[in-house]
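# Here you go, sequence then predicted model.
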Amino acid sequence: MALIITIDGVAASGKSSVARRVAEELRLPFVSSGLLYRAATVLALRESLDLSDGAALLAALEHFSPRLIPDAAGNRVLVGTDDLTGALHTAEVDAHVSQVSQHPPLRRWVREQLRLLPPPFVVEGRDMGSAVFPEAAVKYYLTARPEVRARRRGAERDLSVEQIEWALRERDRQDAAQSAPAEGAVLLDTSDMNLEQVVERILEGVRAWADR
Ligand SMILES: Nc1ncnc2c1ncn2[C@@H]1O[C@H](COP(=O)(O)OP(=O)(O)O)[C@@H](O)[C@H]1O
Ligand SMILES: Nc1ccn([C@@H]2O[C@H](COP(=O)(O)OP(=O)(O)O)[C@@H](O)[C@H]2O)c(=O)n1
């Protein structure tokens, strides 16, 4: 079975950065599932859709067909030849993406896109090890104290750390339904670990799996 490594976790726990580095060390592609939900949110906001209307949101996804390109330097999302990536990581998308991502038809659409990707790869999100790739060989779930996560995200948003912490706690609450750690996932609290320490812990887990 081709290796799939899932790295799930709460907002700003370090999933994307860790997944990118782990994939780099293993010379594997890495996949950021959240970007598809962010792209759905950008499209919905641009089309002024009702974010509680799952059918309209799904129709927009099927019409625009955003494509996730797992690129080593950082995933990209294309709509046709338009690169949406630069519009995905904003406070406005943060504030609406959880409402968009709740709709089961959208989650099924995202799952279908992700399951088309040929393993092996590292994939990060909320439910990669639980709902999308339960067969994955190596599963991790990252957490960190909210104030630590807010400080880390602070460098990436033009909001105060307090505002970011509030928004992260709110998103954690809204994401809770799809964010439970997968069966068998190794839980890592990264609050007091630097990025490379987290990466090394996961690489150790992959080596242990390879030597089993
Ligand atoms: N263990 C860590 N220690 C310090 N900074 C970290 C750590 N993990 C991630 N970061 C930094 O925190 C920010 C958010 O990380 P990111 O990977 O985007 O989180 P997520 O994908 O879970 O939202 C990034 O700037 C990243 O470089
Ligand atoms: N597998 C996933 C990934 C993201 N999401 C949703 O998409 C949003 C953005 O995910 P993300 O991973 O890009 O966000 P960060 O954790 O990087 O801030 C999350 O807040 C969830 O609402 C999801 O529902 N399932």
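Thanks, I have the structure now. Ligands and ions are numbered 1, 2, ... in the order given.
# how far away is the residue of the chain found nearest ligand 1 from residue 65?
Using Cβ to the nearest ligand atom, the closest approach of the chain to ligand 1 is made by residue 14 at 2.7 Å. No exception for glycine: its C-beta is placed from N, CA and C like everyone else's. Distance of residue 14 to residue 65, computed by Cβ to Cβ, to the nearest Å: 30 Å.
# Could you check which of the two has the larger neighbour count?
Ranked by neighbour count (other Cβ atoms under 10 Å), residue 14 and residue 65 place residue 14 first, with 25 against 12.
# Tell me the spacing between that one and residue 38.
For residue 14, the distance to residue 38 - Cβ to Cβ - is 17 Å.
# swap in residue 171?
Distance of residue 171 to residue 38, given as Cβ to Cβ: 12 Å.
# Tell me which residues of stretch 179-191 come out buried.
For stretch 179-191, burial by neighbour count (16 or more other Cβ atoms under 10 Å) applies to 179, 181-182, 185, 188, 190.
# can you redo the residues you listed as JSON lines with distance to ligand 2 and secondary structure?
Below are these laid out as JSON lines (distance: Cβ to the nearest ligand atom, whole Å; DSSP: H, G, I helix; E, B strand; the rest coil):
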{"residue": "179", "distance to ligand 2": "7", "secondary structure": "coil"}
{"residue": "181", "distance to ligand 2": "13", "secondary structure": "coil"}
{"residue": "182", "distance to ligand 2": "11", "secondary structure": "coil"}
{"residue": "185", "distance to ligand 2": "13", "secondary structure": "coil"}
{"residue": "188", "distance to ligand 2": "15", "secondary structure": "strand"}
{"residue": "190", "distance to ligand 2": "13", "secondary structure": "coil"}
